[in-house]
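[1] Provide a 3D model corresponding to the input given below.
(chains A and B)
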Amino acid sequence: MNASLHPSPAPTQGAEAAPSSDYAVDARRISKWFPTPDGESLLVLKDVSFSVERGKIAAILGASGCGKSTLLNIVSGLLAPDRGEVFLNGIASREFRQWRSIAYMFQEDRLLPWRTAIDNVAFGLEAGDIPRAERMRRARETLQLVGLEGFENAYPYQLSGGMRSRVALARSLVVEPMLLLMDEPFSKLDPMIRSQMHAELLRIQEMKGVTVVFVTHDVDEAVVLADHVTVLMPRPGRVKEVVPIDLPRPREQTRQDVIEYVRKLRTMV
Amino acid sequence: METAMNSNTTLAGQQPTPQPQRRRRKLALQRLALLVLLLGVWPLASLGTPAFVLPSPARVVQALMRLIENGTFFADLGVTLGRVLVGFVLAALTAAPLGILLGSNRRLGEFFEPVLPIMNTVSSAIWAIFAIIWFGISNATTIFVVYMTAMPLILTNVWQGTQTVNAEFIELARTFRMSRAKVMRKIYLPTILPYFFSGARLAFGFGWRVSLVAETLGSSNGVGYRLRQAADLVQTDQVFAWTVTLVAMMALLEMGILKPLENHLFRWKKSVANG
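    Sure thing, here's the model as predicted:
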């Protein structure tokens, strides 16, 4: 049984296989310590390995305190691991230069309240030196993509939670990322809107072929979205199991095989 | 998808409805009534009092006409306004960057924190006396007093604003690999702007008032100087004429420039949109 649960991501086992660009993310034996207030250091991630093939959706599932967000921050290059190495598109993190091709979506929508929807989306492009007209054109297109045509000039306070979440998604997508990292991105939405956002994400992911890594504590969300789920155990965060979800999409939560997977994963978390 | 469209109502709800309009009209009527009341009480009160204590409205209007005809009225007004503006602009130009610096650098902020209350407690009259010692009877005296009054007010507000910058937005900018300069321009400045604005507004009002104090002490022209002259000659009607002029000017500035500007700049705030 265990063998079948450890699928393709060979690099985790095959001790030091050469980094391959088939993998958008290939994290190898990541460890991370955080200093505690009393001057000691706490191990938050221990030898965590996981990899994601290009164009796939990967979930990192775990209870709170298992270092999910830390792992995501390490993959995004915002945080350096104390041990181990991350390869992005087969390039070691230290030598990786295309950080702007990685988008990061947070738990909160983090829309700038003083900017309209379209200007919030364009914010994603303002780090570089793309001319304004081009930024606006792409922001407009991306708003259309997430179904918000006609709301370009609305301010965040005028939008519903679901719409704000769409704007945040558009802000991540406007940079045309090769990798989209999401830290419990829809967890603050109510269930109805959340499943709409799931469908929306799947539609866009299929269209654009972007690789997605998302962190969640919600087993249903992991099963509905992911190609494979990496289950983390807490204190210190380490990989318990990698579970491939071999189900066709869309995966209605009421389907028997979906329920099976949910049940199986629940026992692990 | 459907819900996104249903949520149109959130947007529709923000469109100007008759309600706030009616409220605004009611408010305007109230203000008008108050004005009529004041204008009604004034002549009545002036009936039984000598003109050098409380001149009648008619006398004040006459005094105002005389001031305007005699020629220096607009020159004095212009001189005072010019001094206030120079002091104010200098204050804004130094206080804003300083406030950002002290607000974003904790060690510097902690070190200089006690200076602000000290500056705020020193009376403008004291600044005026220092100014006369240092600059004599000159434009610099009034400008200095306006500056010393306005600067700490703007500084305090900008400083406070810097502390409200949302760390989550900074983190967001970092995920896009935004440069520090851009983070400053795109996150810090918009966050601070409302604080700067209210500080600047307060500072301008204070600056305008203390400029008159400074001019009565250390100037040979300007509104403050004319006020003292009128007082020395017991021309109470002229004092009233100047006062009415200044109040009208400030009201015009507030309603004609500051309020519309504020509504435009901060239209993204819910509270402003609701009036």
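[2] okay, CA-based contacts and neighbour counts for the rest of this
    Noted.
[3] secondary structure class for residue A:110?
    coil (DSSP: H, G, I helix; E, B strand; the rest coil).
[4] how many neighbours does it have?
    Neighbour count for residue A:110, taken as other C-alpha atoms under 10 Å in any protein chain shown: 19.
[5] what residues are up against it?
    Residue A:110 sits next to A:168, B:168, B:169, B:172 when contact means C-alpha atoms under 8 Å, 6 or more residues apart in numbering or on different chains.
[6] Which of those are buried, as a ChimeraX select command?
    Selection command for ChimeraX covering only the buried members of those, criterion 16 or more other C-alpha atoms under 10 Å in any protein chain shown:
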select /A:168 /B:169,172
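[7] Next, format the contacts of residue A:110 as a markdown table and append distance to residue B:216 and pLDDT.
    Below are the contacts of residue A:110 laid out as a markdown table (distance: C-alpha to C-alpha, whole Å; pLDDT from 0 to 100):
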| residue | distance to residue B:216 | pLDDT |
| --- | --- | --- |
| A:168 | 58 | 96 |
| B:168 | 51 | 94 |
| B:169 | 49 | 96 |
| B:172 | 53 | 95 |
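[8] Any chance of the contacts of residue A:110 in a markdown table with secondary structure and distance to residue B:147 as columns?
    Formatted as a markdown table, those follow (DSSP: H, G, I helix; E, B strand; the rest coil; distance: C-alpha to C-alpha, whole Å):
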| residue | secondary structure | distance to residue B:147 |
| --- | --- | --- |
| A:168 | helix | 44 |
| B:168 | helix | 36 |
| B:169 | helix | 34 |
| B:172 | helix | 38 |
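[9] tell me the contacts of residue 185?
    Assuming you mean chain A. Contact partners of residue A:185, counting by C-alpha under 8 Å, 6+ apart, are A:105, A:106, A:107, A:108, A:109.
[10] Against residue B:165, how distant is residue A:107?
    Separation of residue A:107 from residue B:165 (C-alpha to C-alpha, to the nearest Å) stands at 19 Å.
[11] follow-up on the earlier one: could you identify the most distant pair in the contacts of residue A:110?
    Within the contacts of residue A:110, A:168 and B:168 form the most distant pair, 13.5 Å apart (C-alpha to C-alpha).
[12] quick one: stretch A:160-176 near chain B?
    Yes: counting by C-alpha under 8 Å from any C-alpha of the partner chain, chain B is contacted by stretch A:160-176 at A:160, A:162, A:163.
[13] So what touches that stretch?
    With C-alpha under 8 Å, 6+ apart as the criterion, stretch A:160-176 contacts A:100-101, A:103-105, A:109-111, A:117, A:120-125, A:138-139, A:142-143, A:145-148, A:156, A:180, A:186, A:189, A:193-194, A:197, B:3-4, B:7, B:10.
[14] Let me know the secondary structure of the one residue in chain B that gets nearest to chain A.
    Taking C-alpha to the nearest C-alpha, chain A has its nearest neighbour within chain B at residue B:178, 4.5 Å off. Each residue gets one of three states, and residue B:178 gets coil by three-state DSSP.
[15] Find the nearest non-adjacent residue to it, please.
    Sequence neighbours aside, residue A:127 is the residue nearest to residue B:178 in space, at 4.5 Å (criterion: C-alpha to C-alpha, 6 or more residues apart in numbering or on different chains).
[16] Give me the secondary structure label for the one you found.
    Classified using three-state DSSP, residue A:127 is coil.
[17] Correct me if wrong: it contacts residue B:172.
    No: Residue A:127 is beyond contact range of residue B:172, at 11.3 Å (criterion: C-alpha atoms under 8 Å).
[18] The stretch 101-250 of chain A against chain B: which residues are in contact?
    Near chain B, when you scan the stretch 101-250 of chain A using C-alpha under 8 Å from any C-alpha, you find A:103-104, A:110, A:112-115, A:124, A:126-128, A:147-148, A:154-160, A:162-163, A:193, A:196.
[19] I would like a ChimeraX command selecting only the buried ones among those residues, please.
    In ChimeraX, a selection of the buried entries from those looks like this (16+ other C-alpha under 10 Å):
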select /A:103,104,110,112,113,114,115,124,126,127,147,148,154,155,156,157,158,159,160,162,163,193,196
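[20] Mind checking which of the residues of the stretch 101-250 of chain A next to chain B land in strands?
    Among these, the members found in strands (DSSP state E) are A:103, A:104.
[21] what ranges do the strands span in the stretch 1-150 of chain B?
    Counting by DSSP state E, counting those that start in this stretch, no segments of the stretch 1-150 of chain B form strands.
[22] Report the mean confidence score over stretch B:78-97.
    For stretch B:78-97, mean pLDDT rounds to 95.
[23] and it, which residues are buried?
    Within stretch B:78-97, the residues that count as buried by 16+ other C-alpha under 10 Å are B:80-81, B:83-92, B:95-96.
[24] where does residue 122 land on pLDDT?
    I went with chain A, as the question did not name one. Note on residue A:122: pLDDT of 97.
[25] should've been chain B
    For residue B:122, the pLDDT comes out at 86.
[26] quick one on the thing from earlier: I'd like the contacts of residue A:185 as a markdown table, with pLDDT appended.
    Conversion of those to a markdown table gives the following (pLDDT from 0 to 100):
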| residue | pLDDT |
| --- | --- |
| A:105 | 95 |
| A:106 | 93 |
| A:107 | 91 |
| A:108 | 92 |
| A:109 | 94 |
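[27] pLDDT score for the closest residue to residue A:149 other than its chain neighbours?
    Ranked by C-alpha to C-alpha, 6+ apart and with sequence neighbours excluded, the top spatial neighbour of residue A:149 is residue A:143, at 6.1 Å. Residue A:143 is assigned 95 on the pLDDT scale.
[28] neighbours of residue A:143, just the number please.
    Residues lying near residue A:143 (other C-alpha under 10 Å) number 26.
[29] And it, which helix or strand is it part of?
    Residue A:143 belongs to helix A:132-145 when assigned by DSSP states H and E.
[30] And for residue A:180?
    Counting by DSSP H and E, the element that carries residue A:180 is strand A:179-183.
[31] Look up the pLDDT of residue A:81 for me, please.
    The model's pLDDT for residue A:81 equals 94.
[32] Where does it sit: helix, strand or coil?
    Of the three states, residue A:81 takes coil under three-state DSSP.
[33] Need the three-state assignment for the nearest residue to it once chain neighbours are set aside.
    Excluding its sequence neighbours, the residue lying closest to residue A:81 (C-alpha to C-alpha, 6+ apart) is residue A:32, at 5.5 Å. Classification of residue A:32 by three-state DSSP places it in strand.
[34] That concludes my questions; thank you for your assistance.
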